[in-house]
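Q: Sequence and predicted model, in that order:
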Amino acid sequence: MRFEVKVGNETIGHTELEAGDPPMGVAGGRFLPTAAYDSIQTHCIKHRDNWVAIPELSVSTPAGVQLECSGPIQILDFSRELGAADIQIEVCGIIKPPYAELFPHHMKAYKKQFG
């Protein structure tokens, strides 16, 4: 599933949130920026080790449903050191829609570890 990352109404990138930690409600993955990401990239690089929230930063499903989170959404940008392909995003404490509905594959992989 391809998620849309926005600041306000502006799409700054996309992600598939291909990795996760179901008990923590965390999903993350590669961040694919659009040209609009330039407006916050310096902030993301500067604060990647000590995150400072970006007002109105959000992640939405392909249907436009915004993920509600109890924690931050953080963009970890190492592009200057490692190249453009190494920008990651983490979405922490996903509450709604339910984590299991969004990421059944994360749930399955987690359960497989114990059984």
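A: Great, that's in hand.

Q: Between the two ends of stretch 72-80, how far is it?
A: For stretch 72-80, the first and last residues are 23 Å from each other (Cα to Cα, to the nearest Å).

Q: Same question for stretch 92-100.
A: Stretch 92-100: ends 14 Å apart by Cα to Cα.

Q: I'd like to know how many residues surround Met1.
A: When counting by other Cβ atoms under 10 Å, one arrives at 12 neighbours for Met1. For the C-beta atoms, the positions are set from N, CA and C on the backbone; glycine is no exception.

Q: wait, doesn't it sit right on Leu102?
A: Yes. Using Cβ atoms under 8 Å, Met1 is in contact with Leu102, at 7.5 Å.

Q: which neighbours do the two share?
A: Listed contacts common to Met1 and Leu102 are 17, 61; contacts here mean Cβ atoms under 8 Å, 6 or more residues apart in numbering.

Q: distance of the closest residue to Ser79 other than its chain neighbours from Ile45?
A: Nearest residue to Ser79 in three dimensions, chain neighbours excluded: Ile87, at 5.5 Å (Cβ to Cβ, 6 or more residues apart in numbering). Remark: distance between Ile87 and Ile45 (Cβ to Cβ, to the nearest Å) = 9 Å.

Q: for the helix or strand bottoming out on mean pLDDT in the chain, packing partners?
A: Taking mean pLDDT, DSSP states H and E as the measure, the chain has helix 79-82 as its least confident helix or strand, at a mean of 86. Helix 79-82 sits against helix 38-46, with contacts defined as 3 or more Cβ pairs under 8 Å, 6 or more residues apart in numbering; DSSP states H and E.
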